[in-house]
Structures are given as structure tokens and as C-alpha cells.
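Visitor: With the sequence up front, the predicted model follows.
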Amino acid sequence: MPDTTSTLLTGQASAWQRILAHPFVAGTSDGSLPKATFGRWLTEDHFFVRSFRTFLVALSEVAPDDEAREVLAGGLAALVPELELFEGEAVSRGLDLTVEPSLLNLGYSSYLLASVEEGWPVGITVLYAVEKAYYDAWASVRDSTGPDTQYAGFIANWSSPEFAAYVDRLGDLVDREELTPAMTLAFDRVVRFELAFWDLVHG
Ligand code: MP5
């Protein structure tokens with residue numbers, strides 16, 4: 001089995017450190033993140049997750065076999081409680097989720113869908129990169145976050161053992177593929193979009 005994910009992650013080692021060390025993640029964990037900053041992220045990310053759901057459906061349609069379809073179906077099912085978490089939080093914080101997203105978010109969301117056009121190996125690489133970035137970022141603060149922080153539900157959502165297992169299964173699907181330049185480029189694009197997304201909401 002090719003070691004595709006290791007090669008991709010090693011190639012992005014320094015950018016990955018910046019994802020883990022981002023002040024948005026640290027501020028969410030220690031509770032110091034200003035409410036308005038969290039609200040900006042919540043609103044942007046709600047739009048992103050809804051686009052991501054469309055991407056997952058489209059990617060499922062080009063999945064090569066039942067195993068891949070089953071992994072993606074699990075990801076889709078998890079979006080139901082996740083979107084409820086966003087929507088419940090928006091109500092309690094008085095946030096309007098219908099505001100127009102940033103151009104960066106529109107670009108990232110559009111890129112997700114466009115990547116499916118490049119075929120399964122690129123699409124599954126994009127999916128793995130998006131989820132791995134979130135898992136690693138939130139898992140890095142899981143054990144140092146107090147249970148009473150106001151953002152605990154979100155940190156738990158992306159650092160749970162279930163989410164870890166899902167990300168591992170996505171990695172296994174990527175590892176079935178021989179690495180191509182198109183996959184390396186797709187991985188790099190997601191890393192750049194992820195960092196820019198944090199900077200946008202935090203800045
Ligand atoms: C994810 C996310 C994780 N919610 N937002 C960004 C900007 N990147 C990655 O995706 P999901 O669908 O919430 O697990």
C-alpha cells in the first residue's frame with residue numbers, strides 16, 4: 001500500500017505546524033477568543049459546512065466501491081448533528097446565518113466541488129486534507145481545554161475518537177492511491193485555504 005498520506009503530510013510539515021499553532025485554536029481552547037471572533041467563524045463555517053455537504057454527496061457519486069461509499073456515508077450522517085450544533089449556537093448567540101459569506105469562503109467552497117471534477121483520487125485527497133486539518137487542530141487542544149469553556153462542544157465535535165476513526169479511514173482511502181502531482185497540488189490548496197480561513201476570521 002503506498003504511503004501517500006505520509007508523503008503529503010511530510011511535504012506540508014511547516015504549514016501544518018501553523019494550523020496547529022493558530023491563535024484562533026488557542027483562543028478557543030483557553031476561552032480568551034472574543035465572542036465576535038467566534039461568531040464570525042461560526043457564520044462563515046456554517047456556510048462552509050453546508051457547501052461541504054454538497055461536496056460529499058458529489059464525491060460519493062464518483063466513489064470507486066462500497067467501502068469508500070460507506071466511509072463517506074458516515075461523514076454525511078455526522079453532518080446532521082454538526083449542523084444542529086451550529087444552528088443551536090447561532091440562535092443562542094443571536095447570529096444571522098444567512099449573511100453573505102466572504103469571497104475566500106466562496107472560493108474554498110467552490111474549490112471543493114470543482115475538485116470532484118478532477119476525479120476520485122483528487123477528490124478524496126481534498127476530503128482527507130479538510131478533515132485531517134480540523135482533527136489535528138482541535139485534537140491538539142483537546143486535553144488542555146477545560147470542560148466548562150463556552151466553546152467545548154465545538155472542540156469535542158472535531159477531536160472525538162469517532163471523528164479520529166473517520167479521519168483514519170479517509171487516510172486509508174487516500175493510501176490506496178499512488179500519489180500524483182494533481183493530488184499534491186490539491187493537498188497544498190486545502191492547506192492554504194485552511195490557513196487563510198483561520199486568518200480571515202481571526203484577523
Ligand atoms: C472543516 C470545517 C471540517 N468545518 N471548516 C473548515 C474551514 N475546514 C474544515 O469539516 P466538517 O465538515 O465540519 O467536518
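Guide: Sure, I can see it.
Visitor: Please tell me how far Val57 sits from Leu79.
Guide: 10 Å (CB to CB, to the nearest Å). Placement of C-beta: from N, CA and C, glycine included.
Visitor: Tell me the spacing between the closest residue to Val71 other than its chain neighbours and Thr10.
Guide: What sits nearest to Val71 in space, not counting adjacent residues and going by CB to CB, 6 or more residues apart in numbering, is Arg169, at 4.8 Å. Per CB to CB, Arg169 is found 21 Å from Thr10.
Visitor: So which of these two has more stuff around it?
Guide: Arg169 (17 against 10; other CB atoms under 10 Å).
Visitor: Let's see whichever helix or strand Tyr134 is part of as CSV, backbone CA atoms only.
Guide: Assigned by DSSP states H and E, Tyr134 belongs to helix 120-142. In CSV, the C-alpha atoms belonging to helix 120-142 read as follows (Å, rounded to 0.1, in the frame of the first residue of the first chain):
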residue,chain,number,x,y,z
TRP,A,120,-11.8,10.3,-7.2
PRO,A,121,-8.0,10.4,-6.3
VAL,A,122,-8.0,14.3,-6.1
GLY,A,123,-11.5,14.5,-4.5
ILE,A,124,-10.6,12.0,-1.7
THR,A,125,-7.3,13.9,-1.1
VAL,A,126,-9.3,17.1,-0.7
LEU,A,127,-11.7,15.5,1.7
TYR,A,128,-8.9,13.9,3.7
ALA,A,129,-7.0,17.2,3.9
VAL,A,130,-10.0,19.2,5.1
GLU,A,131,-10.9,16.7,7.8
LYS,A,132,-7.3,16.0,8.9
ALA,A,133,-6.6,19.7,9.3
TYR,A,134,-9.6,20.1,11.6
TYR,A,135,-9.0,16.9,13.5
ASP,A,136,-5.3,17.7,14.2
ALA,A,137,-6.0,21.4,15.1
TRP,A,138,-8.8,20.6,17.6
ALA,A,139,-7.1,17.4,19.0
SER,A,140,-4.0,19.4,19.8
VAL,A,141,-6.0,21.4,22.4
ARG,A,142,-8.5,18.7,23.5
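Visitor: Just want the angle from the next helix or strand after it to helix 120-142.
Guide: Downstream of helix 120-142, the first helix or strand assigned by DSSP H and E is helix 152-159. Interaxial angle, helix 152-159 versus helix 120-142 (axes from the mean of the first three to the mean of the last three CA atoms, to 10 degrees): 130 degrees.
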